[in-house]
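Novice: Sequence and computational prediction follow.
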Amino acid sequence: MKDQRATVLDVANLKTVFNTRDGEVHAVNDVSFYLQPGELLGIVGESGSGKSVTMMSLLKLLPMPPAEIRSGTINFDGRDIRHVSDGELRKIRGGEIGFIFQDPMTSLNPVFTVGFQLVEPLRLHMGLSKKQARKRAAELLELVGIPDAPARLKDFPHQFSGGMRQRVMIAIALACDPKVLIADEPTTALDVTIQAQILELVKELRQKLGMAIIWITHDLGVIAEIADRVAVMYAGQIVEHAEVKELFANPQHPYTRALLETLPKMGEARAARLPSIDGQPPNLDHAPVHCEFAPRCKHAFERCLKENPQRRDVSAAHDVACFWDTNTGGPMDA
Amino acid sequence: MLDGKKKPLVQVKNLKMHFPIFRGVLKRQVGAVKAVDGISFDVYEGETLGLVGESGCGKSTVGRCVLRLYEVTDGSIDINGTDIATLSGAELRAKRPEMQMIFQDPQASLNPRMTVGSIISEPLDEHKNMTRDETRAKVGELMDAVGLARRFADRYPHEFSGGQRQRIGIARALALNPKFIVCDEPIAALDVSIQAQVVNLLEDLQEKFGLTYLFISHDLSMVRHLATRVAVMYLGRLVELGDAETLYMAPKHPYTQALLSAVPHPDPAQAGNIDRVILEGDVPSPANPPPGCTFSTRCPRAQAKCKKDSPEWREIGEGHFAACHFIE
């Protein structure tokens, strides 16, 4: 399943549950993935598929309660993050693991200057003096392509445009040379021309800095462009995982196939009718007892409604959680 | 494209919508946000005109102006032979059933305290003299048409998913048998798998009821799928308008070219070899647009002339319009 290179982050059997008044919500169900140094892992899924909650669980950024990490190990750089002390965790958050959120307006503090917000992690995590930190902050803004960086440190977030704010967020996330950068839908709130700018910037920064990135998105186009490997999530589980070219060329899970089919393609002739996936994503108020996609799946058969499929290897570095065998066009042997 | 058969249902001429800016103690007007600054286009009967552009370019404002949800600053909007820009209240009200709107956010555009049945029947109660039974029958028909089970009529919007809520909004828009519907980003708030369902529904309904759509969206690939013709907007003005296939295959205006090339392709095999135009900088403020061509500040081809003279909106091919000094 994985090649011999070391991993920076190794998550196994992560389970996150929300205890609400109306019962439990099983947001993340037995999720396992790994991240190798310098690579970009894309996580795709629709809203409510558990992509963000998975990432928030890694750094315990969820309010607990109601959230509860029920089981699993999160191995980061030789430590299990689930069991590190609060002080250690604080060092990891924003220090060794950087986080970029979807909406740059709500994740920047409107009453502090951008300079202040950049200097803060530098002084806390890197122990720089005020002067050194300001110098480094200006360098960082320059690195993410903000013109006239030293002067703009004095500006407040509202004085930046959406794309520029996202650049500031990236600068803050990069401030302490993180080993891992987690980007949660960083371009969703941006226009396509600005998104193109940010994607270009991320590609550049990867070459320069070489950190590993986890990129969460619902946009398969973005994934195709920047990811090395992809994990597809549905109803709190990873249903397929493969290298990006393999996934687009040889998708195995009916959900992945349907997702790829529903996308109108820009370069090709116009389809008469868009293939669609009928029905709704499931309610997550129960732990999965059968394949959660089965009610919407055109290949579903008896077994799919009785058992929850486990991920099985299709080829090296490609696995899928499905009882249907796309190659033979029939059910897998039980 | 412009053969004699196609007749324009909607004709917009030189539409302007300026929102005043007031400042100071006396609330004096100090300027205006030129959200829409002189645009003209036609929508032909039975077609879908796609209107694309980035956020803040004024595309939603155009949609609202065309239905006269705003009092326009200048220009005329001719719908089916009547200029609605100058109609009085009562006349406008009589005209309303012909033109309807589907909104972006199905959560915000449905009253949470009304049942689905009463939401869909509200336009009927307002504009038609129907008995209760007739209304109920019509609501049932509408729910069938958009693929909602009739037994849901007594439920409230919060009990539905995003895609189903959008179906409620569509049923309401259809209630009065409109000819023309403005769809303002109707799928932007939905997940990919649900988007395709709603788009297919819109296409089916168009065929069934002979509807004409103005489809406003920032999703360029979806517009290409749906639209007959596409208009591209930048900072309150149209920069290019043409047949969807022509425009997507051979965009002429530098902004259209950049916009189309910025769309990520869902194909990693191609990812490396796309000729991408990356625009520098951001969209200028519509309160203080640059002189000359509004795109000149970001245009890779801009020259001195562009910063002075505003390019003329002209026909560059059959039914293909653009505003740029450098298009032959």
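Specialist: In hand now; what should we look at?

Novice: Flag every buried residue along the strand or helix carrying B:Glu315.
Specialist: Assessed by DSSP states H and E, B:Glu315 sits inside strand B:314-317. The neighbour-count check on strand B:314-317 (16 or more other Cβ atoms under 10 Å in any protein chain shown) flags nothing as buried. Just so you know, the C-beta spots here come from the backbone N, C-alpha and C atoms, and that holds for glycine as well.

Novice: can you list the residues that contact the helix or strand just after that strand?
Specialist: Moving toward the C-terminus from strand B:314-317, the next helix or strand (DSSP H and E) is strand B:320-322. With contacts defined as Cβ atoms under 8 Å, 6 or more residues apart in numbering or on different chains, strand B:320-322 is touched by B:238-243, B:246-247, B:252-253, B:313-316.

Novice: redo that, cut-off 6 Å
Specialist: B:Glu240, B:Leu241, B:Gly242, B:Lys252, B:His253, B:Glu315, B:Ile316 (Cβ atoms under 6 Å, 6 or more residues apart in numbering or on different chains).

Novice: For the nearest residue to the third one once chain neighbours are set aside, give the beta-bridge partners.
Specialist: Nearest non-adjacent residue to B:Gly242, counting by Cβ to Cβ, 6 or more residues apart in numbering or on different chains: B:His320, 3.8 Å away. Applying DSSP bridges to B:His320 gives these bridge partners: B:Gly317.

Novice: what ranges of the stretch 101-250 of chain B fall below the confidence cut-off?
Specialist: For the stretch 101-250 of chain B, applying pLDDT under 70 flags no range at all.

Novice: Please, where are all the helices along it?
Specialist: For the stretch 101-250 of chain B, applying DSSP state H, counting those that start in this stretch gives helices covering B:116-127, B:132-146, B:162-174, B:192-209, B:220-226, B:244-249.

Novice: Give the buried residues for the second one.
Specialist: Neighbour-count burial for helix B:132-146 flags B:Thr135, B:Lys138, B:Val139, B:Leu142, B:Met143, B:Ala145, B:Val146 (criterion: 16+ other Cβ under 10 Å).

Novice: same deal with the first one?
Specialist: By neighbour count with 16+ other Cβ under 10 Å, helix B:116-127 contains the buried residues B:Val116, B:Gly117, B:Ser118, B:Ile119, B:Ile120, B:Ser121, B:Pro123, B:Leu124.

Novice: The buried residues of helix B:132-146 into a markdown table, with extra columns for distance to B:Gly210?
Specialist: A markdown table is the format used below for the buried residues of helix B:132-146 (distance: Cβ to Cβ, whole Å):
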| residue | distance to B:Gly210 |
| --- | --- |
| B:Thr135 | 24 |
| B:Lys138 | 18 |
| B:Val139 | 21 |
| B:Leu142 | 16 |
| B:Met143 | 20 |
| B:Ala145 | 14 |
| B:Val146 | 16 |
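
Novice: Tell me which two of those sit farthest apart.
Specialist: B:Thr135 and B:Val146 (16.8 Å; Cβ to Cβ).

Novice: what ranges do the strands span in the chain?
Specialist: Here I'm looking at chain A. With DSSP state E as the criterion, chain A has strands at A:9-20, A:23-35, A:40-44, A:67-76, A:79-80, A:97-100, A:180-184, A:212-217, A:229-234, A:237-243, A:312-315, A:318-320, A:324-325, A:330-331.

Novice: um, chain B though
Specialist: Under DSSP E, chain B gives strands at B:8-23, B:28-44, B:48-52, B:74-79, B:82-83, B:99-102, B:180-184, B:212-217, B:229-234, B:237-243, B:314-317, B:320-322.

Novice: the bottom helix or strand of chain A by mean pLDDT?
Specialist: For chain A, counting by mean pLDDT, DSSP states H and E, helix A:104-107 ranks last in confidence among helices and strands (a mean of 77).

Novice: That one and chain B in contact?
Specialist: No - with Cβ under 6 Å from any Cβ of the partner chain as the criterion, chain B is not reached by helix A:104-107; the gap is at least 12.8 Å.

Novice: farthest-separated two in the contacts of strand B:320-322?
Specialist: B:His253 and B:Glu315 (13.4 Å).

Novice: Turn the buried residues of helix B:132-146 into a markdown table, columns for distance to chain A.
Specialist: Formatted as a markdown table, the buried residues of helix B:132-146 follow (distance: Cβ to the nearest Cβ, whole Å):
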| residue | distance to chain A |
| --- | --- |
| B:Thr135 | 29 |
| B:Lys138 | 26 |
| B:Val139 | 23 |
| B:Leu142 | 21 |
| B:Met143 | 17 |
| B:Ala145 | 17 |
| B:Val146 | 14 |
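
Novice: just the residues you listed now: which is nearest A:Lys208?
Specialist: Closest to A:Lys208 out of the buried residues of helix B:132-146 is B:Val146 (51.3 Å), distances taken as Cβ to Cβ.

Novice: Was I right to think that closest one contacts B:Ile170?
Specialist: Yes - at 5.1 Å, B:Val146 counts as touching B:Ile170 under the criterion of Cβ atoms under 6 Å.

Novice: can you pull up the bridge partners for residue 19?
Specialist: No chain was given, so I picked chain A. A:Glu24.

Novice: not what I meant, chain B
Specialist: For B:Phe19, the beta-bridge partners under DSSP bridges are B:Val33.

Novice: Pull the number of nearby residues for it.
Specialist: Residues contacting B:Phe19 under the criterion other Cβ atoms under 10 Å in any protein chain shown number 15.

Novice: How about B:Asp154?
Specialist: 9.

Novice: Next one: it from B:Ser161, what distance?
Specialist: 18 Å (Cβ to Cβ, to the nearest Å).

Novice: give me the beta-bridge partners of the residue nearest the centre of chain A?
Specialist: With distances taken as Cα atoms, centre = their mean, the residue of chain A nearest its centroid is A:Ile216 (2.8 Å). Taking DSSP bridges, one obtains A:Ile43, A:Asp184 as the residues bridged to A:Ile216.

Novice: do stretch B:178-188 and chain A meet at all?
Specialist: No - using Cβ under 6 Å from any Cβ, stretch B:178-188 never reaches chain A; the gap is at least 10.9 Å.

Novice: which parts of that stretch are buried?
Specialist: Neighbour-count burial for stretch B:178-188 [16+ other Cβ under 10 Å]: B:Pro178, B:Lys179, B:Phe180, B:Ile181, B:Val182, B:Cys183, B:Asp184, B:Glu185, B:Pro186, B:Ile187.

Novice: for stretch A:11-24, same thing?
Specialist: By neighbour count on 16+ other Cβ under 10 Å, the buried set for stretch A:11-24 is A:Val11, A:Leu14, A:Lys15, A:Thr16, A:Val17, A:Phe18, A:Glu24.

Novice: of those residues, closest to chain B?
Specialist: Nearest to chain B, judged by Cβ to the nearest Cβ, of these is A:Phe18 at 19.0 Å.

Novice: How about that closest one: what's its closest non-neighbour residue?
Specialist: Counting by Cβ to Cβ, 6+ apart, the residue nearest A:Phe18 is A:Val25, at 4.3 Å.

Novice: Near the one you found, how many other residues are there?
Specialist: 19.

Novice: For it, report the pLDDT, please.
Specialist: On the pLDDT scale, A:Val25 is placed at 87.

Novice: Could you measure from it over to B:Leu202?
Specialist: Distance from A:Val25 to B:Leu202, by Cβ to Cβ: 33 Å.

Novice: Likewise for B:Arg136?
Specialist: Where B:Leu202 is concerned, B:Arg136 sits at a distance of 25 Å (Cβ to Cβ).

Novice: Stretch A:143-151 close to chain B?
Specialist: No - using Cβ under 6 Å from any Cβ, we find that stretch A:143-151 stays clear of chain B, coming within 8.8 Å at best.
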